[in-house]
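predicted model and sequence follow; I will ask about them next.
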Amino acid sequence: MWASVTAVTLGAGVSSWHALLGLLAVWSTWAGTTAAAFLAAVGPAPVYGVAIATVIAMPVSVLGLLLALRPALTRTRLHAPR
């Protein structure tokens with residue numbers, strides 16, 4: 001009983017996995033072609049701008065998360081005690 005259930009489940013899972021991999025291959029080909037066409041038409045300058053903005057935004061986001069997630073007792077103390 002369990003062997004047949006396992007076989008059916010694995011068969012469905014493997015076929016679904018193959019279908020998903022095929023879909024991802026089509027999507028990645030489309031995305032790569034679209035990105036290449038975009039870069040050929042516009043040039044690399046917009047990509048540099050997005051990359052620089054991302055590099056700048058990441059530390060700011062981490063700092064915001066650290067400030068938001070710090071313990072409740074230290075939230076009111078924004079400066080060193082005198």
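Received the coordinates, thanks.

please parse this structure into its domains.
For the chain, automatic domain parsing gives the domain ranges 1-42, 44-77.

quickly find the element holding L63.
helix 45-69 (DSSP states H and E).

next one: that helix to chain centre, how far?
Relative to its chain's centre, helix 45-69 lies at 14 Å (CA atoms, centre = their mean, to the nearest Å).

could you do stretch 31-51 as well?
Distance, centroid of stretch 31-51 to centroid of chain: 19 Å (CA atoms, centre = their mean).

repeat that for stretch 13-26.
For stretch 13-26 - counting by CA atoms, centre = their mean - the centre lies 20 Å from the chain centre.

residue ranges with poor pLDDT in this protein?
For the chain, applying pLDDT under 70 flags the ranges 1-10, 72-82.

regarding this structure, what is its longest helix?
helix 2-42 (DSSP state H).

that helix to helix 45-69, inter-axis angle?
130 degrees (axes from the mean of the first three to the mean of the last three CA atoms, to 10 degrees).

which strands and helices sit next to helix 2-42?
Where contact means 3 or more CB pairs under 8 Å, 6 or more residues apart in numbering; DSSP states H and E, helix 2-42 is not packed against any helix or strand. Where C-beta positions appear, they are placed from N, C-alpha and C, glycine not excepted.

in JSON lines: the domains of the chain, plus mean neighbour count.
Putting the domains of the chain into JSON lines (neighbours: other CB atoms under 10 Å) gives the following:
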{"stretch": "domain 1-42", "mean neighbour count": "10"}
{"stretch": "domain 44-77", "mean neighbour count": "9"}
